[in-house]
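Novice: Could you look at this predicted model? Sequence included:
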Amino acid sequence: MVRRRIPRPSELAPLLRPAPFTLDRTAARLARASSIGDLRELARRRAPRAVFDYTDGAAEDEVSLRRAREVWASVEFSPTVLTDVSRVDTGRDVLGGRSSLPFALAPTGFTRMMHTEGERAVAAVAARAGIPYALSTMGSTTIEGVAEAGRGGRHWFQLYLWRDRSVAHELVSRAREAGYDTLLLTVDTPVGGNRRRDARNGLSIPPALSLRTFVDGARHPRWWFDLLTTEPLTFESLAAGDGSPYEVINRVFDPALTLDDVTWLRGAWPGKLVVKGIQSVTDARRVTDAGADGVLLSNHGGRQLDRAPVPAELIEPVVQELGDDAEVLVDTGITHGGDVVAAVALGARAALVGRAYLYGLMAGGEAGAARAVEILRAEVERTMQLLGVTRVDDLRPEHARLRSSTSGHHHPNERRPGAAPRR
């Protein structure tokens, strides 16, 4: 039999404390987000559907993106206990410079469409966090504008090559003069991927005020107000004209890109050169032999070839093949700091995240992008502590494995026993 009593006032006082109150609605909204998934949900509610789907979607049936996320979810960690993890060093040397975290912010096209603060906000967040930020050729802020906004930070420039090589040469020169230290050449976009969400939504760049977008805009007046009252939304690094993302890519980019272009860029660019969009061991070796300092294992976030290889599954065989010849980076489907830790444990030098910070940007501008980095940082630190690892450089294959890759079958591109030792 439970005996009841009347609680004393002193016992009620701790229970009746009001939650901290702030007049900053954006800060309050972001403070409640405890994961990238939470930021994604905020972004979905705050951005027009076409804008959210442009960020969130992938090509065709979106199999490539789904598989990438499933593989990261399949990671099984192997922790070591009884280790002092009161202090954790999350820093790492990446492509000739120090990064405070083992990830960089990936290049994303037309970022000011997600939020008017766009690339400038992301560059500022990255500089404060001490991590690199890569500006896209299809960015909506100039090369010089990003360098100014992220003063003191590390800047990378992602380059597409198109039919007029003189334009690429000019962009490379501008990036060098603005202090960018790394060039990412994207090679997986000979033609645009079929992104069905964009087609269904009638997305155009810049956004057009059709009947569909007008009705959707009525539910998102703040986004349209920002669009119409700030600087025009355009591609700042290329004259691409209007149209859908698919039309822009097919009109501008060169489907005749070859290994000779990698060699040409190696001679034209004095900094670090990374080839982005590598999806096989063979191609990783080819571009490394052509002078690349790094390879970025990527299927473009699932936005190009659907049912493409999963980048996470390529880390180990590519690292075995390249050894110390080039640094291996990876992207696609990374939405948790644990994914980053797993990537490094499997052998990657670092990871790149894109959608994760874009969700934050859509949810709350610069503060939202900062919240995304903060969430990922906390997840990296906590995962390392729970693994019993105090330094990123101490992560090893014994700390993580892909459960889907433990059946004993070799990946089609994997080196057989006797391959070069991994880094």
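Specialist: Ah, there it is. Numbers count the residues shown, from 1 in each chain.
Novice: can you give me the helices in the stretch 51-200 of the chain?
Specialist: 63-73, 118-129, 143-149, 165-177, 196-201 (DSSP state H, counting those that start in this stretch).
Novice: List the contacts of the first one.
Specialist: Around helix 63-73, the neighbours that count as contacts under Cβ atoms under 8 Å, 6 or more residues apart in numbering are 58, 299, 301-303, 305-308, 310-313, 332-336, 339, 342, 402, 404. All C-beta atoms are positioned from the backbone trio N, CA, C, and that covers glycine.
Novice: The fourth one now?
Specialist: Under the criterion Cβ under 8 Å, 6+ apart, residues 137, 143-144, 155, 157, 159, 161-162, 183, 237-238, 265, 268-271 lie in contact with helix 165-177.
Novice: And those residues, which is closest to Ala348?
Specialist: Within the contacts of helix 165-177, the smallest distance to Ala348 is 19.3 Å, found for Leu183 (Cβ to Cβ).
Novice: how much space is there between the spatially closest residue to the closest one that is not a sequence neighbour and Thr189?
Specialist: Leaving out its chain neighbours, the residue that sits closest to Leu183 by Cβ to Cβ, 6 or more residues apart in numbering is Trp269, at 4.9 Å. To Thr189, Trp269 is 19 Å away according to Cβ to Cβ, to the nearest Å.
Novice: which residues touch the residue nearest to Phe77 when sequence neighbours are not counted?
Specialist: Nearest in space to Phe77, with sequence neighbours left out and distances taken as Cβ to Cβ, 6+ apart, is Ala400 at 5.4 Å. Residues in contact with Ala400 (Cβ under 8 Å, 6+ apart) are Val75, Glu76, Phe77, Ser78, Val341, Ala342, Ala345, Leu346.
Novice: Of these, which belong to strands?
Specialist: Among the contacts of Ala400, the members found in strands (DSSP state E) are Val75, Glu76, Phe77.
Novice: where in the protein is pLDDT low?
Specialist: 17-21, 205-211, 213-214, 217, 239-252, 405-423 (pLDDT under 70).
Novice: Let me see the ranges of the strands in the stretch 251-400 of the chain.
Specialist: Secondary structure of the stretch 251-400 of the chain by DSSP state E, counting those that start in this stretch: the strands cover 272-278, 294-297, 327-330, 350-353, 400-402.
Novice: Quick one, which of the ones you listed gets closest to Gly118.
Specialist: Across those, closest to Gly118 is strand 350-353 (Cβ to Cβ), at 16.9 Å.
Novice: Got phi/psi on Arg49?
Specialist: phi -60, psi -40 (degrees, to the nearest 10).
Novice: Could you pull up the residues touching it?
Specialist: Here Arg49 is in contact with Asn201, Asp216 (criterion: Cβ under 8 Å, 6+ apart).
Novice: cool, His336 as well?
Specialist: Here His336 is in contact with Ser35, Ile36, Trp72, Leu376, Glu379 (Cβ under 8 Å, 6+ apart).
Novice: These into JSON lines, with extra columns for neighbour count and distance to Arg8?
Specialist: Listed next are the contacts of His336 as JSON lines, based on neighbours: other Cβ atoms under 10 Å; distance: Cβ to Cβ, whole Å:
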{"residue": "Ser35", "neighbour count": "15", "distance to Arg8": "39"}
{"residue": "Ile36", "neighbour count": "24", "distance to Arg8": "44"}
{"residue": "Trp72", "neighbour count": "22", "distance to Arg8": "51"}
{"residue": "Leu376", "neighbour count": "28", "distance to Arg8": "44"}
{"residue": "Glu379", "neighbour count": "19", "distance to Arg8": "41"}
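Novice: Contacts for the helix or strand containing Glu41 next, please.
Specialist: Using DSSP states H and E, Glu41 sits within helix 36-46. Helix 36-46 is contacted by residues 29-30, 32-33, 52, 55-56, 114, 220, 222-223, 335-336, 355-356, 358-364, 368, 371-372, 375-376 when judged by Cβ under 8 Å, 6+ apart.
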